[in-house]
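Engineer: could you look at this predicted model? Sequence included:
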Amino acid sequence: MLERKEYQKYVEDNSPKSPMTRTLFAAFVVGGIICCIGEGIGDIIKLIFEDMPEKEVAIWESCIMIFLGSFLTAIGVYDRLGRFAGGGSIIPITGFANSVTSPAIEYNREGVFFGICAKMFVIAGPIIVFSVAASFLVGLIGYFCV
């Protein structure tokens, strides 16, 4: 039986090496480009609808970015982008759209209720639960400490 240190050395020797610099650079560039596209969409909305309040521009910008993330997932582009960019494609709102759309597409063959509706939030569900819990906790701390 292998000892703990021997096993850790075995795992280190046999694990595939990740090109850290390339991975970090790709995540930074792709995440930045996605955010720049979002800002550009917001600027275009401001140009077209000059009297629209800033909050409403942000709502439309978010809706368009969610649509684009879902659409690119549906045609298979976002998955390839995710393999290349890693975390850079997950963090923006388009990554959330991808995490909801992917299971919906995958389980579509099982029907609307037991496929799409039941499995749609398999990936995004825990994220939503923990973000709501964390925001509640931070709000509670802020309420009592500030």
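Structural biologist: Noted; the coordinates are in hand. No experiment lies behind these values; they were computed from the predicted model shown.

Engineer: can you tell me which residues contact the residue lying closest to Cys35 once chain neighbours are set aside?
Structural biologist: Ranked by Cβ to Cβ, 6 or more residues apart in numbering and with sequence neighbours excluded, the top spatial neighbour of Cys35 is Pro92, at 5.9 Å. In this view, the C-beta of every residue, glycine as well, is placed from N, C-alpha and C. Each residue near Pro92 by Cβ atoms under 8 Å, 6 or more residues apart in numbering is listed here: Gly31, Ile34, Cys35, Gly38, Met65, Gly69.

Engineer: which secondary structure element of this structure has the lowest mean pLDDT?
Structural biologist: Lowest on mean pLDDT, DSSP states H and E among the helices and strands of the chain sits helix 118-119, with a mean of 80.

Engineer: and the following helix or strand past it, what does it pack against?
Structural biologist: As assigned by DSSP states H and E, the chain's next helix or strand after helix 118-119 is helix 124-145. Applying 3 or more Cβ pairs under 8 Å, 6 or more residues apart in numbering; DSSP states H and E, one finds that helix 124-145 contacts helix 93-106.

Engineer: and the helix it packs on, how far out from the chain's middle?
Structural biologist: 8 Å (Cα atoms, centre = their mean, to the nearest Å).

Engineer: so which bits of that helix are buried?
Structural biologist: By 16 or more other Cβ atoms under 10 Å, the buried positions in helix 93-106 come out as Ile93, Thr94, Gly95, Phe96, Ala97, Asn98, Ser99, Val100, Thr101, Ser102, Pro103, Ala104.

Engineer: residues in contact with it?
Structural biologist: Against helix 93-106 from outside (Cβ under 8 Å, 6+ apart): 34, 38, 62, 65-70, 72-74, 78-79, 82, 89-90, 116, 119-124, 127.

Engineer: between it and helix 124-145, how big is the angle?
Structural biologist: Here the directions of helix 93-106 and helix 124-145 differ by 140 degrees (axes from the mean of the first three to the mean of the last three Cα atoms, to 10 degrees).

Engineer: tell me which of the contacts of Pro92 is nearest to Thr21?
Structural biologist: Gly31 (15.9 Å; Cβ to Cβ).

Engineer: what's the local residue count around the closest one?
Structural biologist: Look at Gly31: counted by other Cβ atoms under 10 Å, it has 20 neighbours.

Engineer: I'm done for today, thanks for sticking with me.
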